[in-house]
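>>> kindly generate the corresponding structure for this input.
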Amino acid sequence: MEITNDLIDHIAHLSRLQFEGDKKDAIRNDLGRIINFMEKLQEVDTENVEPLIFMTDEINRLREDVPVVTINQKEALKNAPRKDSDYIRIPKVLNKK
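Numbers count the residues shown, from 1 in each chain. Just a heads-up that it's a prediction; the model follows:
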């Protein structure tokens with residue numbers, strides 16, 4: 001597959017990127033290496049290979065979900081830079097329009 005400037009410009013447009021000069025040449029080389037690798041993978045014989053469904057035969061060992069108190073409200077407020085009785089105060093992040 002030939003990688004032209006038009007192809008690179010089209011891919012850059014789709015990904016909302018811009019490539020100029022040396023960067024465009026670097027992208028052309030990288031794309032060429034990726035395509036060559038994919039073509040090499042096409043040569044691998046997968047005739048008698050079963051599709052991989054799971055990456056491992058391991059079964060998830062989940063712990064029991066037991067609620068525990070790790071920190072109380074007083075401890076949580078102790079290191080807050082700004083607090084107001086029972087709450088941590090933060091700067092306003094929304095502006096009314």
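>>> residue ranges for the helices of the chain, please.
5-14, 22-42, 73-78 (DSSP state H).
>>> turn those into TSV, including mean pLDDT and distance to E64.
All C-beta atoms are positioned from the backbone trio N, CA, C, and that covers glycine. Converted to TSV, those look like this (pLDDT from 0 to 100; distance: least, Cβ to Cβ, whole Å):
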stretch	mean pLDDT	distance to E64
helix 5-14	92	48
helix 22-42	92	44
helix 73-78	87	25
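>>> right, and those helices - which one's nearest L52?
With Cβ to Cβ, the closest approach to L52 among those belongs to helix 22-42: 14.7 Å.
>>> tell me, what residue is most central in this protein?
The residue lying closest to the centre of the chain (Cα atoms, centre = their mean) is S15, at 15.4 Å.
>>> re the thing from before, now tabulate the helices of the chain in a markdown table and tack on mean neighbour count.
Formatted as a markdown table, those follow (neighbours: other Cβ atoms under 10 Å):
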| stretch | mean neighbour count |
| --- | --- |
| helix 5-14 | 12 |
| helix 22-42 | 11 |
| helix 73-78 | 10 |
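>>> can you list these in TSV and add distance to F54?
As requested, the helices of the chain are arranged in TSV below (distance: least, Cβ to Cβ, whole Å):
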stretch	distance to F54
helix 5-14	33
helix 22-42	22
helix 73-78	41
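>>> how many neighbours does P81 have?
For P81, the neighbour count with other Cβ atoms under 10 Å is 7.
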